[in-house]
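Asks: next come a sequence and a model predicted from it.
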Amino acid sequence: MQNMINTQELLDLYNLANNKTLLSYTGIFDGQILSVIAENIESNLAQNPNASRKVFKIFLELAQNISFYSTEKQTNSKGKVNGMGILILQEFEDHYSCSTGNMGNTEMLKEVIKKCETINILERDDLREYKRKLRSLPASAKGGGNIGLVQVALTSGNPLAYKIIPITKTDSFYIVNTKINK
Amino acid sequence: MKDIIIEGSHGKNFIPNVKFIAETGVCELGGESYLEDTVTFYAKLLDWLTEFKETKRPILFDFKLSYFNTSTSKSILDILTLLKKHENEGGQVTVNWYYDDEEEEDVEAELEDVEDLIIETGLKINLIPLEASDDDDDDDDFDFS
């Protein structure tokens, strides 16, 4: 039985995730799961259509980043390799909070952090100009537009909160969070 | 040249509706676009447009997207850049962007997106609220004369 999570650990995990939580997911971020979660977001937040649309857009951008860039990978039944990570969507009185976390290469994550810092100091018009500048660069190896995080900030209208926690010599755990006003 | 017709779906990925008609030069991209491999999907459309451009005939491009992710926005930029090139080479290009004006905040964000694409490409894009537009499927009646 030692390979099984004990009941207290499971309860702790449940309590941790359950506080204000609308949705929490840990595992592979592949197309099939993402579409189910995206639909769940749309229906769960339907009473608040503007916020629902924003949360939906933000979730898909952050999720695609995990799918592409997480250094923890899993192969699905069709042989497609996707990244693994965690998502938590919480509801507070006047806003929703969307957080994602995944393992990543520390050197690459330092560049991501620099981008987050830039995003947070720019006013909306400058942020749009920054997005146009990044979009004009060649696509990433994954075909990404390099602008997912910029779009997250533009969509939420709020700053990004972020952190990297070193785990191994080469990799760190990267967390990004944004608020979506109701 | 063959037409490209793709029926969109909201399943595992969000595949957009595509209707590129070689005889009329009327192209439509609609629905939702969130794909596993955005570059490969749009490469086919860009190849078609590149081939059509060689005919020097007019192109009418209707965007009717309700959602697209940032990877897709990069491909949209590639399409518009190609259309601008066609215009610069003497081709006639009309681009219409239909938007749903029911959700106010979302519209503002969408119009910003389109404005950014106009700034990036220098191409004229006509913004048309969906409610004010005629019903679908009358595109073939568009008169280029």
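Replies: Arrived safely, thanks for sending. If you're wondering where the values come from, they're calculated on a predicted model, not measured in any experiment.

Asks: what's the first helix or strand after the helix or strand bottoming out on mean pLDDT in chain B?
Replies: Each helix and strand of chain B was given a mean pLDDT (mean pLDDT, DSSP states H and E); the minimum falls on strand B:9-10 at a mean of 81. Helices and strands here follow DSSP states H and E; after strand B:9-10, the next one along the chain is strand B:14-15.

Asks: distance between that following strand and the chain's centre?
Replies: Mean C-alpha position of strand B:14-15 versus that of the full chain (CA atoms, centre = their mean, to the nearest Å) differs by 15 Å.

Asks: what about it, average pLDDT?
Replies: Averaging the model's pLDDT scores along strand B:14-15 yields 90.

Asks: paired strands for the helix or strand following it, with orientation please.
Replies: Of the helices and strands lying after strand B:14-15 in sequence (DSSP H and E), the nearest is strand B:17-21. In the sheet containing strand B:17-21, the strands it pairs with under DSSP bridges are strand B:4-6 (antiparallel), strand B:26-33 (antiparallel).

Asks: export those strands as JSON lines, with columns for mean neighbour count and mean pLDDT.
Replies: Yep, even glycine has a C-beta here, placed from its N, CA and C like the rest. Conversion of the strands paired with strand B:17-21 to JSON lines gives the following (neighbours: other CB atoms under 10 Å in any protein chain shown; pLDDT from 0 to 100):
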{"stretch": "strand B:4-6", "mean neighbour count": "14", "mean pLDDT": "94"}
{"stretch": "strand B:26-33", "mean neighbour count": "22", "mean pLDDT": "96"}
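
Asks: quick one, which of those strands is nearest to A:Tyr96?
Replies: With distances scored as CB to CB, the stretch of the strands paired with strand B:17-21 nearest to A:Tyr96 is strand B:26-33 (21.3 Å).

Asks: kindly export the closest one (C-alpha atoms) in CSV.
Replies: Listed next in CSV are the C-alpha coordinates belonging to strand B:26-33 (Å, rounded to 0.1, in the frame of the first residue of the first chain):
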residue,chain,number,x,y,z
VAL,B,26,-14.1,34.9,-52.3
CYS,B,27,-12.5,33.5,-49.1
GLU,B,28,-14.1,33.1,-45.7
LEU,B,29,-12.5,32.1,-42.4
GLY,B,30,-15.0,31.8,-39.5
GLY,B,31,-15.8,30.1,-36.3
GLU,B,32,-13.1,29.3,-33.7
SER,B,33,-9.4,28.7,-34.2
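
Asks: any chance you could list what contacts that strand?
Replies: B:8, B:10, B:14-21, B:45, B:49, B:59-69, B:72, B:76, B:79, B:139-140, B:142 (CB atoms under 8 Å, 6 or more residues apart in numbering or on different chains).

Asks: which among those count as buried?
Replies: Among those, those that count as buried by neighbour count (16 or more other CB atoms under 10 Å in any protein chain shown) are B:8, B:14-21, B:45, B:49, B:59-69, B:72, B:76, B:79, B:139.

Asks: tell me the contacts of the residue nearest the centre of chain B?
Replies: Against the mean C-alpha coordinate of chain B, by CA atoms, centre = their mean, the closest residue is B:Phe63 at 3.7 Å. When the contact criterion is CB under 8 Å, 6+ apart, the partners of B:Phe63 are B:28-30, B:76, B:95-98.

Asks: where's the closest residue in space to B:Val18 that isn't next to it in sequence relative to B:Ser33, distance?
Replies: Excluding its sequence neighbours, the residue lying closest to B:Val18 (CB to CB, 6 or more residues apart in numbering or on different chains) is B:Ile6, at 3.9 Å. Look at B:Ile6 and B:Ser33: by CB to CB, to the nearest Å, they are 11 Å apart.

Asks: and the closest residue in space to B:Asn17 that isn't next to it in sequence, how far from chain A?
Replies: Nearest-residue entry for B:Asn17: B:Gly8, 3.9 Å, with adjacent residues in sequence omitted and distances by CB to CB, 6+ apart. According to CB to the nearest CB, to the nearest Å, B:Gly8 and chain A sit 13 Å apart.

Asks: ok, B:Gly8 - contacts?
Replies: With contacts defined as CB under 8 Å, 6+ apart, the neighbours of B:Gly8 are B:14-18, B:30-32.

Asks: do A:Leu122 as well
Replies: When the contact criterion is CB under 8 Å, 6+ apart, the partners of A:Leu122 are A:Tyr130.
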